[in-house]
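sequence isn't available, so here's the structure alone:
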C-alpha cells in the first residue's frame, strides 16, 4: 500500500497537513495513479511538499496497513475543487 501526506502553508517552515492519499482507497492502481496526478496538479503552485508513509510493521517485520492523518484527497477534492471552497493559502504562481 502507498500512502502520501500532502502539506501546504505560507512558508516551508510553517507547513500544515492538507490531505492524505492512500492507494487502499482506490479500486485499481490506475485509479490511484490518476488521483495522485490530479492531487499533485492541484497542489502545484502552493508552498508545500508530499511525504511518503509512515509505514508500520508487524511483529514479524512485515508491513501492515499505514494509518493516514487528516482528511482524504476525495474529501479535500470535493470541498475545494468540486464545491469551490476557498483554500487557506494562496498559490505562488
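Okay, I see it. All values derive from a computational prediction rather than experimental measurement.

what segments of the chain are helices?
Taking DSSP state H, the helices of the chain run over residues 29-43, 73-77.

name the stretch among these that sits most buried.
helix 73-77 (a mean of 18; mean count of other Cβ atoms under 10 Å). C-betas here are computed from N, CA, C, even on glycine.

what's the closest of the helices of the chain to residue 15?
helix 29-43 (11.6 Å; Cβ to Cβ).

tell me the mean pLDDT for the closest one?
Average pLDDT, helix 29-43: 95.

tell me the contacts of the most centrally placed residue in the chain?
For the chain, the residue sitting closest to the mean C-alpha position, by Cα atoms, centre = their mean, is residue 20 at 3.2 Å. Applying Cβ atoms under 8 Å, 6 or more residues apart in numbering, we find residue 20 in contact with 3, 4, 5, 6, 68, 69, 70, 71, 72, 73.

give me the pLDDT value at residue 61.
On the pLDDT scale, residue 61 gets 55.

offset the numbering so it begins at 247, please.
With the count now opening at 247, the last piece we talked about shows up as residue 307.

where does this structure dip in pLDDT?
By pLDDT under 70, the low-scoring segments of the chain are 299-314, 339.

now the strands for it?
Here the chain has its strands, by DSSP state E, at 249-255, 262-268, 293-298, 302-303, 309-310.

could the helices of the chain go into CSV alongside distance to residue 256?
Below are the helices of the chain laid out as CSV (distance: least, Cβ to Cβ, whole Å):
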stretch, distance to residue 256
helix 275-289, 15
helix 319-323, 18
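
look up how far residue 258 lies from the residue nearest to residue 284 when sequence neighbours are not counted.
Nearest non-adjacent residue to residue 284, counting by Cβ to Cβ, 6 or more residues apart in numbering: residue 323, 7.4 Å away. Note on residue 323: its distance to residue 258, by Cβ to Cβ, to the nearest Å, is 24 Å.
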